[in-house]
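**Student:** please work out how this folds:
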Amino acid sequence: MEHLQFAAVVLMALLGLKVLLLPLRVTANAIVNRARWLSVASIVLIGVQFLLQYMLGLRAMGVTQAVLPNLVFFLPASWLMSLAVLYLQRQGRTTFLDRWIGAFSWILVLLLLSVAAAVDGQPLLSDTPELHQAEVASSGVYLLMQGYYSWRLYTNLRAMRIALSNYYDSDMDGLLRWMRYSIIILSCFALIVPLLIYMPNGGLPLFGLFFFASIFYLVDSFCSYVVSSAPRKVAEAEVCEETMQLCEDRSMSPDGDLTELTPDVVTRINRSVERWTSTGGHLHAGMKMPQTAKELGLPQYQLSAWLRQNGLKYADWMTDLRIDEAKRLLESHHDWSNEAIAAHCGFSDRSYFQRKFKETIGISPTEYLMHVASN
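**Tutor:** Prediction:
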């Protein structure tokens, strides 16, 4: 057990150092830098918890003694890490409850443990029924706190995906996948800590392996995300989504015109789209909605309104157009590879093209080609 705790201390030190040494271009972003310091604080708290366990031999003293620092340090660590991810999701615009419910929960846990120690009249690390009951109650507080953050993180993740699907045509889901897994990991920690009160020492190595792998994934994914172009893309898409939502709520364009498009305007947009697609404008990689609207010769709010009236999202519309071109190529150029078709049709890579093709058509490009050949 001591070796496991020492390994955890070393791992936390290395992960904390990794987050601290992120490139200057990342730390220059105020939102990302705030999230970085929140994650560093979370890592430090977890490292201190394992250091105390290692130096004082708390697990050998008993389950109650070992669980106490788990609660005292894991709860604020989960709060700060959840807040770091939420800060990235919300572009820094967190609510008062988002920022401080973790602090209130932590204070409540400290009060519960302090009162239990005062009532039983024994030293804080004594194995008493009062302290054990306080730890059970504190675990419930931890679980409720993390439940709130998990709900907030999941809700905002869904909103991010919607915003990106209305703005970008590239594979943004992969850039956000780590957030979904992080929500699951943080929720699991809140569930596991109460179990540790009753878990025998024999089950701890298994938990240790899960903990090491989970924390490494969470921190490593956080670093990969912030050094990528994802934060910038999310900020751009969020601004675009807010602008479009404002127009929708008011049923007006930024110039005060009604966003309900007249038949003449719809006809004009349809013709513009036909001309644009006939020249292959939709096959350029990395097309964003403002660029597409400019090439169509339309105000962005009109393109957004046209898509909305047709029940489409920008990214899905672009994907459908490109899949139609991919089908044509598969039917007319049997010798073309998936890589060549993906590049020609504007997909970021072969795997993304194959995934989108199967999602849209129901079969893979290879299966589609075999179907065409058989007919």
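
**Student:** CA only for contacts and neighbour counts going forward, please
**Tutor:** OK.

**Student:** how about the helix of greatest length in the chain: buried residues?
**Tutor:** The helix that spans the most residues within the chain, counting by DSSP state H, is helix 129-165. Of the residues in helix 129-165, 130-132, 134-143, 145-147, 149-150, 152-154, 157, 159-165 count as buried by neighbour count, 16 or more other Cα atoms under 10 Å.

**Student:** so where is the protein shaky, pLDDT-wise?
**Tutor:** Residue ranges of the chain with pLDDT under 70: 1, 58-66, 120, 123-125, 193-194, 196-204, 239-259.

**Student:** could you rerun that using 80?
**Tutor:** 1-5, 25, 53, 56-68, 120-128, 170-175, 192-208, 236-260, 373-375 (pLDDT under 80).

**Student:** from the centre of this structure, point out the most distant residue.
**Tutor:** Largest separation from the mean C-alpha position in the chain: Gly121, at 45.9 Å (Cα atoms, centre = their mean).

**Student:** what are the structural domain limits within the protein?
**Tutor:** 2-236, 251-312, 316-375 (automatic domain parsing).

**Student:** which one of those domains is the most hemmed in?
**Tutor:** Across those, the average number of neighbours (mean count of other Cα atoms under 10 Å) peaks for domain 2-236, which reaches a mean of 18.

**Student:** what is the end-to-end distance of it?
**Tutor:** Its start and end residues considered, domain 2-236 measures 48 Å (Cα to Cα, to the nearest Å).

**Student:** got the end-to-end distance for stretch 22-29?
**Tutor:** Start-to-end, stretch 22-29 (Cα to Cα) is 12 Å.

**Student:** ok, residues contacting it?
**Tutor:** The contact list for stretch 22-29 (Cα atoms under 8 Å, 6 or more residues apart in numbering) reads 32-33, 36, 223, 226-227.

**Student:** at 6 Å instead, please
**Tutor:** The contact list for stretch 22-29 (Cα atoms under 6 Å, 6 or more residues apart in numbering) reads Asn33.

**Student:** so how far is that stretch from its chain's centroid?
**Tutor:** Centroid separation between stretch 22-29 and its chain, computed with Cα atoms, centre = their mean, to the nearest Å, is 20 Å.

**Student:** for Gly92, see how far away the residue farthest from the centre of the chain is.
**Tutor:** From Gly121 to Gly92 the distance is 45 Å (Cα to Cα).
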